[in-house]
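Enquirer: dropping a prediction and its sequence here:
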Amino acid sequence: MLVNAGIIDGVRNVVVYANIGHSVFSDDGGHFYAGGGFKVVIGR
């Protein structure tokens, strides 16, 4: 089971996103997750 939170925001043709999370139940005590990135929208 995972618990996640994230945000998405955009300025003109660039979309930026980020997320964090934590595994609640795991055989080895759980894990912390973090990620992010951006996407450029072309031809909109």
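Expert: Structure received.

Enquirer: what residue lies at the spatial centre of the protein?
Expert: What sits nearest the mean C-alpha location of the chain, by Cα atoms, centre = their mean, is residue 19, with 2.7 Å.

Enquirer: in its sheet, which strands sit next to whichever strand or helix holds it, and in what direction?
Expert: Per DSSP states H and E: residue 19 is located in strand 14-23. Using DSSP bridges, the strands paired with strand 14-23 are strand 2-11 (antiparallel), strand 32-40 (antiparallel).

Enquirer: any idea which of these gets closest to residue 23?
Expert: strand 2-11 (5.4 Å; Cβ to Cβ). Heads up, the C-betas are built off the backbone N, CA and C, glycines and all.

Enquirer: chain center to the closest one: distance?
Expert: Centroid separation for strand 2-11 versus its chain: 5 Å, with Cα atoms, centre = their mean, to the nearest Å.

Enquirer: using CSV, list the CA coordinates for that strand.
Expert: Output in CSV follows, covering the C-alpha atoms of strand 2-11 (Å, rounded to 0.1, in the frame of the first residue of the first chain):
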residue,chain,number,x,y,z
LEU,A,2,1.3,3.4,-1.0
VAL,A,3,0.5,6.9,0.2
ASN,A,4,1.3,9.6,-2.3
ALA,A,5,1.0,13.4,-2.7
GLY,A,6,1.9,15.6,-5.6
ILE,A,7,1.5,18.9,-7.5
ILE,A,8,1.2,19.8,-11.1
ASP,A,9,1.7,23.4,-12.4
GLY,A,10,2.2,24.9,-15.8
VAL,A,11,3.5,28.1,-17.3
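
Enquirer: nice, that's everything, thank you.
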